[in-house]
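Participant: got a predicted structure here, sequence first:
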Amino acid sequence: MTVVPSMKERELNEKGSKGRLAFQHVTKQYENGFVAVKDLSFTVHDGEFLCILGKSGCGKTTCLHLAAGFEFPTSGAVLAKGDPVSGPGPDRAMIFQSPALLPWMSVYKNVILGPKCRHEPQYAELADSLLEEVGLSRFANAFPYQLSGGMRQRVAIVRALIGQPEVLIMDEPFGALDAQTRLGMQEMLLSIWERRKTTIMFVTHDVDEALFLADRVLIMSPHPGRVREALVVDLPRPRDYRLFADQRFVNLKRQVMEILHEKI
Amino acid sequence: MAITSMDQLPAAFESGQKKQINDRLPTGLGRDTRNKARNLRKYAGVVVVLAVWCALSYGRVVDATRLPTPTALWDQFVSLATHGFHGVSLEDNILVSVEQTMLGLGFGIVFGVSFGLAMGYSKVIEELFGTLFSFIRPIPAIAFLPLAVLYLGIGLTPKVVLISVTSFLFIVMSTESGVRGIQHDLLRVAKNLGLNRYQTFRYIILPGATPGIMTGVRTGLALSWALIVAVELIAAQSGLGYMIEQAGNFFELKIVFIGIILIGIIGVILDSVVVLIERRLLHWQGR
Ligand SMILES: Nc1ncnc2c1ncn2[C@@H]1O[C@H](COP(=O)(O)OP(=O)(O)OP(=O)(O)O)[C@@H](O)[C@H]1O
Ligand SMILES: [Mg+2]
């Protein structure tokens, strides 16, 4: 475990490192004049599980919306595989804080909506196998109101995965779940990721969650949002609940807490 | 066996029998007992009014020329249903009112939903028409009746136009707020999944606005039904309102009462049809 100073991180970016996603001196000022993030530079590497940690209002969702192409930087650039992000696309699938399922469609229809509308072939088998993978095959015909919060978020994950995205962009997806369900979801996400090595950009304000999941954690500070630290989490994989009691995990957590505490 | 978790109910999902799940959930009281209690409460008000009516009329508290007894009213109803009133049969009077309401409401729905969706979708269209509509909305439609008669004569057209405009104004409003009420993340989902404009409309905007549309249709129907009767009181040659008006002129008090009761009953029936459609369309709300 090593703390990489953010300066060094920035240099890396400026040398034009070929990341899957690269933020280069990104500033985002909203229409009302509020500067949500300022001079933000970092790279998400291919196949990396990156967590962004920071407290409420520090611009995490803004970062994700920039990466997903819902928003555009006021200055600087967001690059996907070297090209500026020009808008949303299924190659960068977003999973929201709320599951954002269409309540008027069954689980199955929610899941296949994207490929069906994009006229892609053979989504049916893929949908079946993905629903199986997250343990929801029996609920294909259920409607969202008939599911628990965790089940809804699993449907949202399947809906994102069915487009076979290169990057998964996740905005505190497990924030609203109880601790036990959350752990189950985290383990499930890790196994999905380990099977596919999809690049994941994951926002959370939960230190345990960030360290449990990530290869690397970016710690953001607010007003305006910046990256304060980039922390490599070199804990062994595959990880499970026992990691929380591991001494290396505990040390790392103390380190993160100290950084977060300093910034308050 | 008490079923406590969703996971124990896969069979119901697989056979697509969503309704069954609710029926099989454990209930505190017996289902029948609870339903009976609810039905009693629902009709308590009606029963009280009927009881008071019986007491006042049969007990001769109020004179029969001012308040007919239920029996007298029933006899009059039977004769009205068989012989009609002033040469127009009761069915015809009812049908005329219902048809004109439906026709007006139909136009109101078609234009109201289209305009409402457009206004919810585009800020520019909302700005162009919003002020105008909110200026006209609070004016009681009956105030336009003289103008409608002057420009459009008497007959079907002025009534249908007035009803269309009234229901339009309310359906526009609730359709628009239905569109605006759609969760913003759902529109982001649409963009993220690569839906085109038509697909976004078809799969997200339209179903998302349906609760608002149905609220508007229900309000529009209630207003239209009230309006047709009011218009017929003033400018018509048939319809329930016309029948009441004529009966009033000839001091046929019983027919006035029958007309009033029929208007109420038909209003309730029309409303329950809309509620039934609403339940079908919005089953996904899980209520
Ligand atoms: N559309 C917008 N217009 C103006 N200001 C905005 C907009 N969206 C976000 N902001 C502001 O930008 C800042 C960062 O918002 P953002 O949603 O990115 O924070 P966050 O880190 O995701 O917070 P949370 O953890 O609470 O979700 C906030 O102070 C917010 O008020
Ligand atoms: Mg956020």
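Facilitator: Now that the structure is in, tell me what you want to look at. This structure is a prediction, so every number in the text was calculated from the model and none was measured. Ligands and ions are numbered 1, 2, ... in the order given.
Participant: averaged pLDDT, stretch B:245-258. What do you get?
Facilitator: Stretch B:245-258 comes out with an average pLDDT of 91.
Participant: any weak-confidence spans in the chain?
Facilitator: Going with chain A. A:1-18, A:263-264 (pLDDT under 70).
Participant: that's the wrong chain, I wanted chain B
Facilitator: Scanning chain B for pLDDT under 70 picks out B:1-29.
Participant: biggest helix in chain B, by residue count?
Facilitator: Ranked by residue count under DSSP state H, the longest helix found in chain B is helix B:90-121.
Participant: with adjacent residues omitted, what lies nearest to A:Ser99?
Facilitator: Check again: residue A:99 is Pro, not Ser. A:Arg152 (3.9 Å; C-beta to C-beta, 6 or more residues apart in numbering or on different chains). C-beta: built from backbone N, CA, C; applies to glycine.
Participant: all helices for the chain, in order.
Facilitator: Picked chain A for this. Counting by DSSP H, chain A has helices at residues A:6-14, A:60-68, A:107-117, A:123-133, A:149-161, A:179-196, A:207-213, A:247-262.
Participant: hm, I was asking about chain B
Facilitator: B:10-14, B:18-24, B:31-58, B:70-83, B:90-121, B:123-136, B:145-152, B:156-180, B:184-193, B:197-200, B:206-234, B:240-249, B:253-281.
Participant: rebuild these as a markdown table, extending it with distance to A:Thr199 and mean neighbour count.
Facilitator: As requested, these are exported to a markdown table (distance: least, C-beta to C-beta, whole Å; neighbours: other C-beta atoms under 10 Å in any protein chain shown):
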| stretch | distance to A:Thr199 | mean neighbour count |
| --- | --- | --- |
| helix B:10-14 | 34 | 16 |
| helix B:18-24 | 38 | 13 |
| helix B:31-58 | 53 | 11 |
| helix B:70-83 | 76 | 14 |
| helix B:90-121 | 35 | 20 |
| helix B:123-136 | 36 | 13 |
| helix B:145-152 | 66 | 14 |
| helix B:156-180 | 35 | 23 |
| helix B:184-193 | 16 | 20 |
| helix B:197-200 | 27 | 14 |
| helix B:206-234 | 32 | 21 |
| helix B:240-249 | 69 | 21 |
| helix B:253-281 | 41 | 15 |
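Participant: out of those helices, which comes closest to A:Leu168?
Facilitator: Among the helices of chain B, helix B:184-193 comes nearest to A:Leu168, with 11.3 Å by C-beta to C-beta.
Participant: show me what from chain A comes close to chain B.
Facilitator: The interface of chain A toward chain B, taken as C-beta under 8 Å from any C-beta of the partner chain, is made up of A:68-70, A:87-90, A:92-94, A:96, A:98, A:100, A:102-105, A:113-114, A:117-118, A:138-148, A:151, A:159, A:163.
Participant: OK, contacts around the residue nearest to A:Pro99?
Facilitator: Shown in contact with A:Arg152 (C-beta atoms under 8 Å, 6 or more residues apart in numbering or on different chains): A:99, A:101, A:144.
Participant: hey, what's the residue nearest in space to the middle of chain A bridged with?
Facilitator: Nearest residue to the geometric centre of chain A (C-alpha atoms, centre = their mean): A:Phe202, 2.2 Å. Beta-bridge pairing of A:Phe202 under DSSP bridges involves A:Cys51, A:Met170.
Participant: for it, what are its contacts?
Facilitator: Contacts of A:Phe202 by C-beta under 8 Å, 6+ apart are A:49-52, A:168, A:170, A:173, A:210, A:213-214.
Participant: hmm, B:Ser224 and B:Gly267 touching each other?
Facilitator: No. Using C-beta atoms under 8 Å, B:Gly267 makes no contact with B:Ser224, being 10.2 Å away.
Participant: which residues sit in contact with A:Asp39?
Facilitator: Neighbouring residues of A:Asp39 by C-beta under 8 Å, 6+ apart: A:25-27, A:76, A:226.
Participant: most neighbours among those, which one?
Facilitator: A:Val26 (25 neighbours; other C-beta atoms under 10 Å in any protein chain shown).
Participant: ok, it touching A:Ala36?
Facilitator: No. Between A:Val26 and A:Ala36 there is no contact under C-beta under 8 Å: 10.2 Å.
Participant: for the closest residue to ligand 1 within the stretch 151-264 of chain A, what are its contacts?
Facilitator: Going by C-beta to the nearest ligand atom, ligand 1 is nearest to A:His205 of the stretch 151-264 of chain A, at 5.5 Å. Contacts here follow C-beta under 8 Å, 6+ apart; on that basis A:His205 touches A:53-56, A:60, A:172, A:175.
Participant: repeat the analysis, applying 6 Å as the threshold.
Facilitator: By C-beta atoms under 6 Å, 6 or more residues apart in numbering or on different chains, A:His205 lies in contact with A:Lys55.
Participant: what about the nearest residue to A:Pro224 once chain neighbours are set aside, neighbour count?
Facilitator: Closest residue to A:Pro224 apart from its sequence neighbours, by C-beta to C-beta, 6+ apart: A:Lys38 at 3.7 Å. Counted by other C-beta under 10 Å, the residues lying close to A:Lys38 total 18.
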